[in-house]
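Q: Quick one: sequence plus predicted model below, questions after.
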Amino acid sequence: MDIYLIDEATNYTFWFPVNPLDKLSKQKEKRFITADIIDIGEVDISQKGNKINEISFSSFFPLEYDSYCRYATNMKPQEYVDKIETWINNDTHLRLIITDLNINELVNISKFIPEIRGGEVGEIYFSITFRTYKELKIETVNNTSNVNMGGLDDNRETISSDFSPEDVVTVTASALNVRNGPGTSYDILGSVFRGDTLTLYKVQGNWADTYWGDHGGWVCLDYVTK
């Protein structure tokens, strides 16, 4: 298993040198509201959308290469810490990839606790928590109306997609999830990577069903170009 953080704005890849020491946890919750119904009592009613997921683990940054390291590096433990703290201070959205668990998500670092332990000279232990990042998109409607020749002009803009079925598109993100439906609530089938090309089969909003693999899959059109 390998764990990466990718800063897509700078195309910088951060590879954790040592895998989690004990466990890696992923917390996934469903949204519910509780209603009190006469003669029945409390019942949970499912709400649309998902709660923000959390992924956390503990590890350390080694002073020197050893057999448990994923790779040899010249970076010092404090340099790893400085990089992560810079991302936190700048509120940088990162792509978290965990290879064996099929995790490929945009995240924010919500908690990072480095510590120095007695007897571990030069090495820095840490615990880190990520929260999935969802971009908030707010659509506005132009309500301005002009009076012309006794009538009203409708100034609302019509929304049209720049993509059509059979278009061939190129992936612009470093890694892009392929899902089994048009939205982030659908399961991830796999991933495509920057430079990969896909042929669109069907377009729905800013999502498209593509000729991918043996069964096709949906990708977000925000991360492809013609």
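A: Arrived safely, thanks for sending.
Q: hey, what's the spatially most central residue of the chain bridged with?
A: Centroid-nearest residue in the chain, with C-alpha atoms, centre = their mean: Leu106, separated by 2.0 Å. Judged by DSSP bridges, the bridge partners of Leu106 are Arg95.
Q: residues in contact with it?
A: Contacts for Leu106 (C-beta atoms under 8 Å, 6 or more residues apart in numbering) come out as 93-96, 132-134. For the C-beta atoms, the positions are set from N, CA and C on the backbone; glycine is no exception.
Q: ditto for Trp87
A: Contacts of Trp87 by C-beta under 8 Å, 6+ apart are 5, 7, 94, 109.
Q: With Met75 as the reference, measure out to it.
A: 15 Å (C-beta to C-beta, to the nearest Å).
Q: Can you get me a residue count around Asp222?
A: 12 (other C-beta atoms under 10 Å).
Q: so it sits in a strand?
A: No - assigned with DSSP: H, G, I helix; E, B strand; the rest coil, Asp222 falls outside any strand and is helix.
Q: For it, which non-adjacent residue is closest in space?
A: Asn206 (5.9 Å; C-beta to C-beta, 6 or more residues apart in numbering).
Q: Likewise for Ile113?
A: Ile113 sits nearest to Ser127 (C-beta to C-beta, 6+ apart), 4.9 Å away.
Q: tell me the secondary structure for the one you found?
A: strand.
Q: wait, it sits on Lys111?
A: Yes - between Ser127 and Lys111 there is a contact under C-beta atoms under 8 Å: 7.4 Å.
Q: which neighbours do the two share?
A: The contact lists of Ser127 and Lys111 share Ser56, where a contact means C-beta under 8 Å, 6+ apart.
Q: Comparing these two, which shows the higher neighbour count?
A: Set side by side, Ser127 and Lys111 show more neighbours around Ser127, with 15 against 12, by other C-beta under 10 Å.
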